[in-house]
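Asker: Build me a model from this:
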Amino acid sequence: MFGPWRLDPADLYVDEYSGFTTLRFEAQRPIFTSRATPPNLDIVLASDDNVVAVESKLTEYLAGKERASFAARYRDVVAEFADESWAAMYKLLDAEPAYYSFLNADQLVKHYLGLRRAQLEDERPAMLLYLYWEPTNPEDSAYVMHRRVLAVLAYLRAGAGAG
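Answerer: Numbering: from 1, shown residues only. Here you go, the predicted model:
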């Protein structure tokens, strides 16, 4: 999807964002200062004014068997710099790992935390964008459940600040 802009993303528009100077595939944003392996974002686009990180899914979510998993060290990082809504999402997933069974929600939390950690050194606003594939006739219950989960997340995130 982003291949045509890999060498020159200047003409790429993502929602209202444009003017990108770099595009990196499988970009990492470390969460911890230790040697822990950071999660890979599918794409990170940067301009002089902002950063847009993209996580995308094809059909992984359709099985409805996603389970959140966090090491104990995440508690401190969440307490240190997660905004209220992301901290609440972390706490929910930590307590009920199967809550969002049609979404790899812990991966989104981890990507958010990596972006927040990066903002300690790079203050540009960052947006995490979740892209997913859906057929033209998404009547299957798995697609319906995925959309419901996303609607709940959108509601919870509305007005919650950057991220």
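Asker: Helix, strand or coil: sort out the residue nearest the centre of the chain for me.
Answerer: Nearest residue to the geometric centre of the chain (CA atoms, centre = their mean): Leu108, 3.8 Å. For Leu108, the assignment made with DSSP: H, G, I helix; E, B strand; the rest coil gives helix.
Asker: Roughly how far does it sit from Lys65?
Answerer: 17 Å (CB to CB, to the nearest Å). C-beta coordinates here come from the backbone N, C-alpha and C atoms, glycine included.
Asker: re earlier: my read: the residue nearest to the centre of the chain touches Leu128, true?
Answerer: Yes: the pair Leu108 / Leu128 is scored as a contact, 6.9 Å apart, by CB atoms under 8 Å.
Asker: between these two, what contacts are shared?
Answerer: Glu55 (CB atoms under 8 Å, 6 or more residues apart in numbering).
Asker: Would you state the helices of the protein in chain order?
Answerer: In the chain, the segments counted as helices under DSSP state H are 74-81, 84-95, 105-118, 141-157.
Asker: Could you single out the most deeply buried of the ones you listed?
Answerer: Among these, ranked by average contacts under mean count of other CB atoms under 10 Å, first place goes to helix 105-118 (a mean of 22).
Asker: what packs against that one?
Answerer: Identification of packing neighbours for helix 105-118 by 3 or more CB pairs under 8 Å, 6 or more residues apart in numbering; DSSP states H and E yields strand 51-57, helix 74-81, helix 84-95, strand 126-132.
Asker: could I get these as JSON lines with mean pLDDT?
Answerer: Listed next are those as JSON lines, based on pLDDT from 0 to 100:
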{"stretch": "strand 51-57", "mean pLDDT": "93"}
{"stretch": "helix 74-81", "mean pLDDT": "95"}
{"stretch": "helix 84-95", "mean pLDDT": "94"}
{"stretch": "strand 126-132", "mean pLDDT": "92"}
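Asker: Would you convert those into CSV that also reports distance to Ser101?
Answerer: Listed next are the helices and strands packed on helix 105-118 as CSV, based on distance: least, CB to CB, whole Å:
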stretch, distance to Ser101
strand 51-57, 14
helix 74-81, 20
helix 84-95, 11
strand 126-132, 15
